[in-house]
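Colleague: need a 3D model of the following:
(2 chains)
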Amino acid sequence: AQRVTQPEKLLSVFKGAPVELKCNYSYSGSPELFWYVQYSRQRLQLLLRHISRESIKGFTADLNKGETSFHLKKPFAQEEDSAMYYCALTVADKLIFGTGTRLQVFP
Amino acid sequence: NAGVMQNPRHLVRRRGQEARLRCSPMKGHSHVYWYRQLPEEGLKFMVYLQKENIIDESGMPKERFSAEFPKEGPSILRIQQVVRGDSAAYFCASSPQVGRGTNTEAFFGQGTRLTVV
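Modeller: Reported below is the predicted structural model:
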């Protein structure tokens, strides 16, 4: 069955510390993976997708097919990074989401 | 482009009443998705629609829930005879096209928070 797992409900770091939000997936085909972010009182929005291999707001994510992971990383967290982060997998034209990780960045 | 618009933002219904949730996709988008978020859980896929067609309703409960996306007007998620367990945030997303490799982004509305009392 297709599944996305985000093991951490909450991740708290201090400003300037490195951040890694974990995401593992289960999918028999070739995966298409995304990270979505929801800032306080705002709508869910796309942060990045593995196809683009891009860096957005300092965040990067590398698809590791051997470990079936797509962890989100940032070397130096900022206070404005505090938000809910969702990892998602495309299956048959729909998105399967993980349960989300709340990132808190303290000053 | 105003983005995906959902209304109402908050909806309170008594048990047994009907709830109607509306979603207007972004201009030019013909694909609409509905997701439900229960407290402490992630977003769960419910249904995927194109204009006048239901493409995938594998996430919809078998009873009381229905969805439509007519040729004109918004997409509607309808919940009949609501129960307390239907209380959740319901999110709509739209995209212009789908298909692997098209690199298409789904744009989300701000959601409707349904409370059943």
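
Colleague: need the residues of chain A near chain B, please.
Modeller: A:4, A:6, A:32, A:36, A:42-46, A:49, A:51-52, A:86, A:90, A:92-100 (Cβ under 8 Å from any Cβ of the partner chain). C-betas here are computed from N, CA, C, even on glycine.

Colleague: counting neighbours, what do you get for the spatially closest residue to residue B:53 that is not a sequence neighbour?
Modeller: Of all residues not flanking residue B:53 in the chain, residue B:69 sits nearest, at 7.7 Å (Cβ to Cβ, 6 or more residues apart in numbering or on different chains). As a burial measure, residue B:69 scores 25 neighbours (other Cβ atoms under 10 Å in any protein chain shown).

Colleague: OK, contacts around residue B:69?
Modeller: Counting by Cβ atoms under 8 Å, 6 or more residues apart in numbering or on different chains, residue B:69 touches B:32, B:49-53, B:75-76.

Colleague: got the end-to-end distance for stretch B:54-71?
Modeller: 12 Å (Cα to Cα, to the nearest Å).

Colleague: wait, is residue A:80 part of a strand?
Modeller: No: Residue A:80 is assigned helix when assessed by DSSP: H, G, I helix; E, B strand; the rest coil, not a strand.

Colleague: would you list the phi and psi of residue B:27?
Modeller: Dihedral pair for residue B:27: phi -60, psi 130, per degrees, to the nearest 10.

Colleague: show me where chain A has strands.
Modeller: Taking DSSP state E, the strands of chain A run over residues A:3-5, A:10-14, A:19-21, A:24-26, A:33-38, A:45-49, A:60-61, A:72-74, A:83-91, A:94-97, A:101-106.
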